[in-house]
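J.: with the input below, show me the fold.
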Amino acid sequence: MAYIQRAISEILKNRVKTSKCTLIIGARQVGKSTLVRHDFSKYNHTNFDDRLTRMQAREEPKLFFLNNPCPLFIDEVQKESSILEEIKQKVDDSNERGQFILSGSQKLELMKGVSESLAGRVSICELCGLSLREINQVDFNRHFVPTDDYIEERENKLIAYKDIWNIIHKGSYPELYDIERDWQDFYSSYVSTYLERDINELISADSITFTKFLTAVAARTGEMLNYSNIASQVGVSEPTVKNWISILERTGIVYLLQPYSASALNRSIKTPKIYFRDTGLACYLTRWISADALKNSAVAGNMFETFIVSEILKSYSNEGKDYRFHIFYYRGKDRRHTGENEIDLIIEENGILYPIEIKMSGNPKANMANTNQVLDKIPDKKRGMGIILCLIDKKTYLRENLIALPIEYI
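T.: Numbering: from 1, shown residues only. From the prediction side, this is the model:
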């Protein structure tokens, strides 16, 4: 299998070099173990998916570390979080850097253990599925923010992205790009493994009901989160759906995009939007079995938006940055004499708000961004350049403060 160079590689090497302990978080099959084995081949490796290994780590930690000396990579460390206290003692007793690399696929649970045991001692990186830049071997690793500086630098590395709908349908898991793996077989195995290894210990429901829930959520990617609606379709209680959504977020399957909050926007909706982190998995669960069928379907717009949001999140993660406090959306009635309006994404950086529209169109219009002016109501922020990310061929100014950009600029 050909190794695909990961954009986060140099960031991770630097974090390991300067930190006593480094934690890599991300969903199953995004390539955490492969990345560490490739870039840190001299590290010893153990995996807490193995029950005997977990038992030894829990009951005989000194013996565990004799059998697994530093420098050590522990995969799926959240499955035996008691080891974090032992790791804390080891890193506190030494000034050496890069002793431990940890990885896990249950983000929030693992973060809780880290915050309790390794606060101030661990550097955290998130690895996502392959980005368009990685698939196309684009040597550019800045997070997407539509400043003049970013756009100018990005233009020097532009290449045309071909077969975009095939990539949206295929998804971003590295194994699908390493070998000629059957798409349906991969995702069938992925869902089964996910249910058996990650979910079984976290839910009390049977796998059929939870798979039905997964499918219901996948059908709503790109929409505002409605717990009651999902509960009604699946046949479980609303509190159960809230708990299960939390699990999907914790294990890197979905992302909840929060609404932008400002006192000046007093008629804005406070409900988050839900996005699948991988469009291939969403397509599999909703039974879109070909790229052409997806492209011409009623859900094409939502799936395209899901893909673009995921790519923007990856651009932050791959640069080692936290996107949670920078990316939002707006929906509400703060514009006069109009109904409900929406801005697909708002990127905030250095006190400037950049409104982003995501359109499947190849013929963008300036009125697609009419809601942008609502951001002018916020007294302590400045509205930056507006962007319409779409299927246009080249960068096109639609107004002085509005540009239509091809998705190659992400």
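J.: hmm, Lys377 is touching Leu265, no?
T.: Yes - taking contacts as CB atoms under 8 Å, Lys377 lies within contact range of Leu265: 6.6 Å. C-beta: built from backbone N, CA, C; applies to glycine.
J.: for the stretch 151-300 of the chain, what spans make up the strands?
T.: In the stretch 151-300 of the chain, strands defined by DSSP state E, counting those that start in this stretch lie at 223-224, 254-257, 273-276, listed in chain order.
J.: low-confidence ranges in the stretch 51-200 of the chain?
T.: Low-confidence segments of the stretch 51-200 of the chain, defined by pLDDT under 70, span residues 107-112, 115.
J.: so Glu319, which of the three states?
T.: coil (DSSP: H, G, I helix; E, B strand; the rest coil).
J.: burial check on it, number of neighbours?
T.: Look at Glu319: counted by other CB atoms under 10 Å, it has 15 neighbours.
J.: got any ranges where the stretch 251-400 of the chain has weak pLDDT?
T.: In the predicted model of the stretch 251-400 of the chain, residues 263-264, 266, 334-339 satisfy pLDDT under 70.
J.: neighbour count for Lys377 and Leu265, which is higher?
T.: Each of Lys377 and Leu265 had its neighbours counted (other CB under 10 Å), and the higher figure belongs to Leu265 (18 against 15).
J.: surely that one meets Lys381?
T.: No - applying CB under 8 Å as the test, Leu265 and Lys381 come out as separate, 10.8 Å apart.
J.: tell me where the stretch 301-410 of the chain has strands.
T.: Using DSSP E, counting those that start in this stretch, the strands found in the stretch 301-410 of the chain span residues 327-332, 341-349, 352-358, 382-383, 386-390, 396-399, 402-406.
J.: partner strands of the fifth one and their direction?
T.: To tie it back to what came earlier, the one meant is strand 386-390. The sheet places strand 386-390 alongside strand 352-358 (parallel), strand 402-406 (parallel), with pairing taken from DSSP bridges.
J.: how about those in a markdown table, adding mean neighbour count and distance to Asp322?
T.: Shown next, in a markdown table, are these (neighbours: other CB atoms under 10 Å; distance: least, CB to CB, whole Å):
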| stretch | mean neighbour count | distance to Asp322 |
| --- | --- | --- |
| strand 352-358 | 22 | 17 |
| strand 402-406 | 22 | 24 |
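J.: of all those strands, which one is nearest Lys90?
T.: Lys90 lies closest to strand 352-358 among the strands paired with strand 386-390, at 43.7 Å (CB to CB).
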